[in-house]
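> Just to be clear, the model below is a prediction. Sequence and coordinates:
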Amino acid sequence: MLSLLRKDLASDGPTWLPLILVLAAIAGVAYVDHLVVSLSLVYLYTLPLTVGAIFLRKEISYGLIVACILFHYSFHYFDSSRHIHLGLRIFHDLSALFCLTVVVYVLQRYIERQQLLMHTVQQQRDGLLKEIELAAQVQRFFLPSGKPAIAGLEIAGMMHPRGA
């Protein structure tokens, strides 16, 4: 089974825990939205979706949008106190779906850019360390291979290259 977490997140604990917490938060938002009759709280789904987009794989974070819709409609299926015009409800739900998808997309793109930047910085750092090691080897070649022998004189020397 593939890990639920993004590749760059190392986890000593169970990898399913963030998914369970995000699903519980989505269910909580759906339940509170069901309880509050005077206004729609559908845009509060952005909070658990944000956490999901940060910690979970891209495919799973997009799948969480479907979970939001399912939880939203499962609680509102039993809700007879709200009588919203069907056209308005469809517009509201589609606009919420669009906004939630944009939020996840923007976060995923941001995370991908951050990962690419970290990868580039690591490559540059590794290249610089190789160049420093090469410079240290060149400096070592300038030193004589043995001690000079001068009668009556004892000579000692030491060199520490900056990179090594």
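Noted; the coordinates are in hand.
> residues touching residue 156, list them.
residue 147 (CB atoms under 8 Å, 6 or more residues apart in numbering). Backbone N, C-alpha and C define where each C-beta goes, glycine included.
> Equivalent analysis for residue 71, please.
With contacts taken as CB under 8 Å, 6+ apart, residue 71 has the following neighbours: 26-27, 29-30.
> so it sits in a helix?
Yes: residue state for residue 71 (DSSP: H, G, I helix; E, B strand; the rest coil) corresponds to a helix.
> Helix or strand: which one has the nearest residue to residue 62 once chain neighbours are set aside?
Using CB to CB, 6 or more residues apart in numbering and skipping residues adjacent in sequence, the residue nearest residue 62 is residue 104, 6.0 Å away. With the criterion set as DSSP states H and E, the secondary-structure element containing residue 104 is helix 86-141.
> Over to residue 67?
Remark: residue 67 resides in helix 58-77, with elements defined by DSSP H and E.
> show me what contacts residue 96?
Neighbours of residue 96 in contact, by CB under 8 Å, 6+ apart: 40, 42-43, 45.
> Among these, name the buried ones.
In the contacts of residue 96, burial by neighbour count holds for 40, 42, 45, counting by 16 or more other CB atoms under 10 Å.
> Turn those residues into JSON lines, including distance to residue 132, secondary structure and pLDDT.
Rendered in JSON lines, the data for the buried ones among the contacts of residue 96 read as follows (distance: CB to CB, whole Å; DSSP: H, G, I helix; E, B strand; the rest coil; pLDDT from 0 to 100):
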{"residue": "40", "distance to residue 132": "59", "secondary structure": "coil", "pLDDT": "75"}
{"residue": "42", "distance to residue 132": "55", "secondary structure": "helix", "pLDDT": "79"}
{"residue": "45", "distance to residue 132": "50", "secondary structure": "helix", "pLDDT": "88"}
